[in-house]
Structure formats: C-alpha cells, structure tokens
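Novice: Sequence and predicted model, in that order:
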Amino acid sequence: MGTRSGIAVEIEDGKSIRSYCHWDGYPSNNGKLLLEFYNTKEKAEELVRIGNMSSLAPSCEKPEGHTFDTPVKGYCTFYGRDRGEEGTNCIEAETDDTSADGWEEFLYQFKDGKWFVNRVHKKSEGWIELTLEFCKED
C-alpha cells in the first residue's frame, strides 16, 4: 500500500494546479525529492502538469524504453503518459486547499519560491515550510 500525496504548484494568485502521487508520499522521500530536484516554479510546474503519478523520482522526463511496466530507474512513472490511462490530468485547485480525496496523507505546495507540506490528518498544524531537516523527522 502506498503513502499517497498531492503535489501542487501555485500558477497565479490564489490558483494552483495539483496532481496525485501514489507511492511514498512521506517527506523523507517525496518531500526530499521535491526540494532537491523540483526546486523552481518551472521544474515543479513541469512535473505537476504531466498529471497523476505512481511514483516520484529525480526526473520527470521520459527516456527511451520507459513505460509503466518497464520503468527506468530515476524517472517518474505517470499513469497517463506511461500507462495510457485517461482522466489522470492535473486539476485546478485553490492555493492552500487542504482538502484531500480521502486517501492523501501529505499535501505539498510550491508557492512563493518554496515548498510547503501539510500533514492532512494533523489539520491543526496547517502548512509548514518544507526543509531537509523536516524531511528527516518523519
């Protein structure tokens, strides 16, 4: 069973785009990858615009031979692009929206040049700036 997460990027004031990620949404994995490899608005937006994903990795490009069933190590695996599923596009959401589909345990938001995380089941915490130190704590 995966630790599900939502990954969002603010594209304009009050509006974001958001995709779902099935595997290893913990800050020690997805949080760290977002901080290290998707640390600009352009990179974060490129990732999210591809759509819902099975797993996050250092690169969202598609190398030759990469499919859902034969993934190339180090590359994200997407449901639409790599498995041909429909209805897996990113969605528009309100920035800082903390509603989850009932399955997501972590929400990540790129806003104002920084990543933030929200532990969905700890609503009282709200949005916390994501740091490498925080990624070590989960």
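Specialist: Now that the structure is in, tell me what you want to look at.
Novice: C-terminal to the host helix or strand of Leu35, what's the next element?
Specialist: Assessed by DSSP states H and E, Leu35 sits inside helix 32-37. Using DSSP H and E, the helix or strand that follows helix 32-37 in sequence is helix 41-50.
Novice: Any buried residues in that following helix, and which?
Specialist: Ala44, Glu45, Leu47, Val48, Ile50 (16 or more other CB atoms under 10 Å). (Each C-beta comes from the backbone N, C-alpha and C, glycine too.)
Novice: residues in contact with the fourth one?
Specialist: This means Val48. Neighbour list for Val48: Ile7, Ala8, Val9, Ile17, Arg18, Ser19, Cys90 [criterion: CB atoms under 8 Å, 6 or more residues apart in numbering].
Novice: For those, which single residue is the most surrounded?
Specialist: Per-residue neighbour counts (other CB atoms under 10 Å) across the contacts of Val48 peak at Ile7, which has 28 neighbours.
Novice: And what about it, helix, strand or coil?
Specialist: On the three-state scheme (DSSP: H, G, I helix; E, B strand; the rest coil), Ile7 is labelled strand.
Novice: Dump the contacts of Val48 into a markdown table; add pLDDT as well.
Specialist: Below are the contacts of Val48 laid out as a markdown table (pLDDT from 0 to 100):
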| residue | pLDDT |
| --- | --- |
| Ile7 | 97 |
| Ala8 | 96 |
| Val9 | 97 |
| Ile17 | 97 |
| Arg18 | 96 |
| Ser19 | 96 |
| Cys90 | 96 |
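Novice: which outside residues touch stretch 49-69?
Specialist: Counting by CB under 8 Å, 6+ apart, 7, 17, 19-24, 29-30, 33-34, 36-38, 46-47, 71-83, 88-90 sit against stretch 49-69.
Novice: One more pass at 7 Å, please.
Specialist: Contact partners of stretch 49-69, identified using CB atoms under 7 Å, 6 or more residues apart in numbering, comprise 17, 19-24, 30, 33, 37, 46-47, 72, 74-83, 88-90.
Novice: Please apply the same query to stretch 117-133.
Specialist: With contact meaning CB under 7 Å, 6+ apart, stretch 117-133 is reached by 27, 31-32, 35, 96, 98, 100, 104-109, 114-116, 134.
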